[in-house]
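Student: got a predicted structure plus its sequence, pasted below:
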Amino acid sequence: MEYEQKTLTCVQCGEHFPFSVSGQKFFEQMRFTPPKRCVRCRRSRAEGKTEFAEVKCTECGNNFAPRFTPRPGLPVFCRDCVQKQRRASCAA
């Protein structure tokens, strides 16, 4: 099998990262699937530190970093707005 340098996209941060020929050979030899995360995200994940991109709350407009990846086209609410919605639904 012929190998050539590849560029992959990190599923966590969206950055492009290189997948070298030697890396591909190693992954194949070890029967690993190709990496899905860049080195920085793999390292932060191993250390238990996950970086989350900031988004704007649909309700109040404040920037915050949700602990999930928001889906395009769906509203995203900060903690304060979620709590306000919960209090309002409990009062009803």
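Tutor: Arrived safely, thanks for sending.
Student: in the least confident helix or strand in the chain by mean pLDDT, which residues are buried?
Tutor: In the chain, no helix or strand scores lower on mean pLDDT, DSSP states H and E than helix 39-46, which sits at a mean of 86. For helix 39-46, a neighbour-count test (16 or more other Cβ atoms under 10 Å) marks 41, 44 as buried. Yep, even glycine has a C-beta here, placed from its N, CA and C like the rest.
Student: figure out the length between the terminal residues of stretch 33-41.
Tutor: End-to-end distance of stretch 33-41 (Cα to Cα, to the nearest Å): 17 Å.
Student: tell me how far the least confident helix or strand of the chain lies from the chain's centre.
Tutor: 11 Å (Cα atoms, centre = their mean, to the nearest Å).
Student: and after it, which helix or strand comes next?
Tutor: Toward the C-terminus, helix 39-46 is succeeded by strand 55-56 as the next helix or strand (DSSP states H and E).
Student: after that next one, which helix or strand is next?
Tutor: Downstream of strand 55-56, the next assigned helix or strand under DSSP H and E is strand 63-64.
Student: could you chop the chain up by domain?
Tutor: Following automatic domain parsing, the chain resolves into domains at 6-46, 55-91.
Student: could you tell me the least trusted of the ones you listed?
Tutor: Mean pLDDT across these is lowest at domain 55-91; the value there is a mean of 89.
Student: quick check: buried residues in that domain?
Tutor: Buried-residue list, domain 55-91, by 16+ other Cβ under 10 Å: 57, 64, 76, 77, 78, 81.
Student: grab the nearest non-local neighbour of the fifth one.
Tutor: Right, the one you point to is residue 78. residue 57 (4.1 Å; Cβ to Cβ, 6 or more residues apart in numbering).
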